[in-house]
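[1] need a 3D model of the following:
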Amino acid sequence: MSASTIPVICYYNGQIVRTKTDVEHEGSETRIVPLKIPIECTFQELIDMIYSKTIIDKRRFNLVLICKYPLRNGNRFQPFQVRDDSSVREMLDLVNTTTIEEIELFIKVVRVKAQLNQCVGGHEDLFVRNHYNVAQFDYGCGPSSGPVPDTGLNADDEDSADEEPNDEYGEDVDDECDGADADVEVDRHASFLRAFNQALENEQILDESSPVAYHLPPTPQFQHVENLDIAVASCWTPWVQPTTGNSSGEFVIGQVFNSKSDLQEAAKIYSIKAHQEYVVVASSKKLLVLRCKKAEECHCPWKLHAMVIKDTSLFVINKYTGPHTCVNPCLNRDHHQLDSQLVSTHIKALIQAQFTLSTAAIQASVMEKWGYQISYKKALDGKHKAIRQLFGDFSQSYTELSRLFLGIDQSNPGGVVVWKTFETNMPNTEIFQRVFWSFKPSIEGFQHCRPVMSIDGTHLYGKYKGKLLIAMGCDGNNQLFPLAFAITEGENTDSWGWFLACIRNHVTQRPGICVISDRHPGIMAAMVDPHLGWATPFAYHRICMRHFASNFMTRFKDKILKNLVCRAALASTERKFKKHMNTIGRINSEALQWLEAVPFQLWALSHDGGRRYGLMTTNISEVFNSVLKGARSLPVTALVQLTFFRLNGYFVARREVGANRLASTEQFTPYVDAQIQGRVVKVGSMEIVLYDHEKGLFHVKSRRGRTHRVTLHEKTCTCVKTLIYGFPCSHIISACQHRCVDFRLFVDRYYTTQSYYDTWAPLFHPIFNEDEWPLYDGTVIVPPESMRRFGSGRPKSTRLHNEMDVREGKTLNRCGLCKQLGHNRRSCKNINQVQ
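    This next block holds a predicted model:
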């Protein structure tokens, strides 16, 4: 090696990857060019040498040079940007000051984008006469596509860093050019460059992005995001280009930003990408001064001084000294400028697309974007800020809820909203307790559903506690039908009675509705209250088999008995039911007594009488609870809007299905068609004997030898399945074929295609813009302090975990002290005996 030259290995046509301990250049088409750089080489000479040795077009591309810089503490490296003569000398000096024999230099190729000296994209056009000597043309990219003028101010002069903004700024902002000819010329160049930059951006988007579809309602809060990557970039970057002021990635004097927050965000992103940190020297409505965090320690000259332009919200950089000359002693896991506010801006589009986004996913997204591992608390704070920015304030949402319902009723009249509030000492103010709502299409469509309703409650996880109560119907295709909702202070006898009374008084007066629920004391009391309209025979109460079996398991802790209870509950005939009950009694007589204490018609299908249409659980309510899971942590206005848009999505999709089946002359829903087809297959193996042709009395023997009596005149069969489900069993179908009777007469009307279409035929209409909503002149409703959730961090789950939450076959914990199953060291009760 010659003493006058330094060997440098250049890598390009790939991607620079930074890990925790190293910097690498990766890519299947990476090219390597060895160079021998003179010791006295300047930055411009190095750039010219690289252009001459590679096939990179100097006119179309700029070069960003990244050196693999070694750290003193161990075999660790970090990127070091070579951007001027001093950094070139520092890079070449590595051969003499370290054990490195060859320098690795990574070359990032950046497409040149022409820019006129006027602001394009996210910035305002600004030509200040007598102050800026604007160059005619410049190439580069930066956080602003704005001008790169010479202000006449000395960037190295720090004496005036704390001065107030000069009153001369902004006086001649409107006088952009002298004369019409200049205006025409500027507009011509601006139009050309806007089209040119837009074409380049579109080309890059088509090459690098792939659309990701999300099913979301058409509203600003629940915006449909076609391409998540583009949405995120446009959200956190208010400029045309995501890099900074020129080809070297630095700010420049004269850059203009829409606001102080835009400038602060640009400074944060610049610092994160440069892996440097700054401190705020001065900050006010008119001034922002930043300097390097290691200015005193490493004598780093980096400093930024910006002022507001008079009578505007624009901020202009009038002094800037850069880049950083300091070197970080080690790699940090987090970055001071990567705060929760920047995180919220970054994930806002992600929250719009999926408001159930987990905190761990936010941490992963930030890690992928900037290479830093932020704390759980910072990610959670960023999520909360993004939610407030998108959906509003939690406290204010209770006040705005009244006007939201007015806006919905304006375009969708006929819905129901019922309030319950407390009076206060403050005039024209009431405290929220409960609100009930149901939309008109749900009220109309429920008349064509089966007379079955499932009710359930679930927790709210926002700033305020509470419960969301929901009522679900079931259509002829065995799909859930959202009927009514309520937000209450909790689940108790009064709240459940109030909720069921609202449904009976304002939603449906159909007699004989079967209500399926868990065994909550409030529900049990409300269903037998004669004043609420849900007592027998006006309605029939049934218990969810899953919750009932869970209660049994909690009491007796026996999986075999639990399975027998489920079999008894699902038995269609009393013979099978008694068989399973006798088995339970032989195993545990106390368990049998516990079951006999609960009326059989509440939980056993064989004693139901066809009221529940074979629906044994509250799954239709549980499913919709999961649909609203993410929304339960949002303000109440967002929750109500989500129910509106979710329901509209159900109605639109299923209305189309119903219309298509009507057009194709399909008589029944797909669910019943599939069930009947499966039963028709069994008919061929059955033996049929006719006893009475007038009553249609048959003796039908199945393939397994079991005989059943069928009476077509009464539409009955001893298997009871026709009564239970509402469509014919295989025995009745066999008898119908024997007598040439149309078995479709035995199908309930709720399963017809016409009923299915009528269920989903009512229309939702778009909500008007908020400024077009009617004015609300009622009392101001505020949330109660008793429902406020105090403390920071993620709200603790208030769900009551029980036996249903235990995964089947899960291995039990074994204590490390007493070696017993079912607990660990921390909860060990035998610790004193072990010691």
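
[2] low-confidence stretches in this structure?
    Along the chain, segments meeting pLDDT under 70 span 1-3, 72-74, 113-248, 329-331, 630, 791-812, 831-835.

[3] try 50 this time
    The chain contains residues with pLDDT under 50 at 1-2, 114-245, 247, 806-809.

[4] just checking, Trp496 is part of a strand?
    No - counting by DSSP: H, G, I helix; E, B strand; the rest coil, one finds Trp496 to be helix, located in no strand.

[5] with adjacent residues omitted, what lies nearest to it?
    Gly522 (3.7 Å; C-beta to C-beta, 6 or more residues apart in numbering). Yep, even glycine has a C-beta here, placed from its N, CA and C like the rest.

[6] before we move on, what about Arg59?
    Closest to Arg59 by C-beta to C-beta, 6+ apart is Val112, at 7.3 Å.

[7] surely the one you found touches Asp57?
    No - assessed by C-beta atoms under 8 Å, Val112 is found out of contact with Asp57, at 9.1 Å.

[8] residues in contact with stretch 82-100?
    6, 37, 39, 41-43, 46, 65-67, 69-70, 80-81, 101, 103, 105, 248-250, 323, 325 (C-beta atoms under 8 Å, 6 or more residues apart in numbering).

[9] among those residues, name the ones in strands.
    Among the contacts of stretch 82-100, the ones falling in strands (DSSP state E) are Ile6, Ile37, Leu65, Ile66, Cys67, Tyr69, Pro70, Phe80, Gln81, Ile103, Leu105.

[10] look up which residues are beta-bridged to the last one.
    It stands for Leu105. The partner list for Leu105 in beta bridges (DSSP bridges) reads Cys10, Cys67.

[11] going forward can the numbers begin at 161, since that is how I track them
    With 161 as the first residue, the last one maps to Leu265.

[12] okay, now it: neighbour count?
    By other C-beta atoms under 10 Å, the residues close to Leu265 number 23.

[13] what about it, distance to Pro194?
    Distance, Leu265 to Pro194, using C-beta to C-beta, to the nearest Å: 10 Å.

[14] ditto for the third one
    Leu225 sits 16 Å away from Pro194, taking C-beta to C-beta as the criterion.

[15] quick one, what contacts Phe716?
    Applying C-beta under 8 Å, 6+ apart, the residues near Phe716 are Lys722, Asn748, Glu750, Ala751, Trp754.

[16] which one of these sits closest to Trp656?
    For the contacts of Phe716, the closest approach to Trp656 (C-beta to C-beta) belongs to Trp754, at 24.4 Å.

[17] give me the neighbour count for Pro697.
    Neighbour tally, Pro697, other C-beta under 10 Å: 7.

[18] hang on, it in a helix?
    No - the assignment for Pro697 is coil, going by three-state DSSP, so no helix is present there.

[19] was I right to think it contacts Gly672?
    Yes - Pro697 lies in contact with Gly672 (C-beta under 8 Å); the separation is 7.2 Å.

[20] circling back to that earlier point, my guess is the residue nearest to Trp656 contacts Trp658, does it?
    No - between Gly682 and Trp658 there is no contact under C-beta under 8 Å: 9.9 Å.
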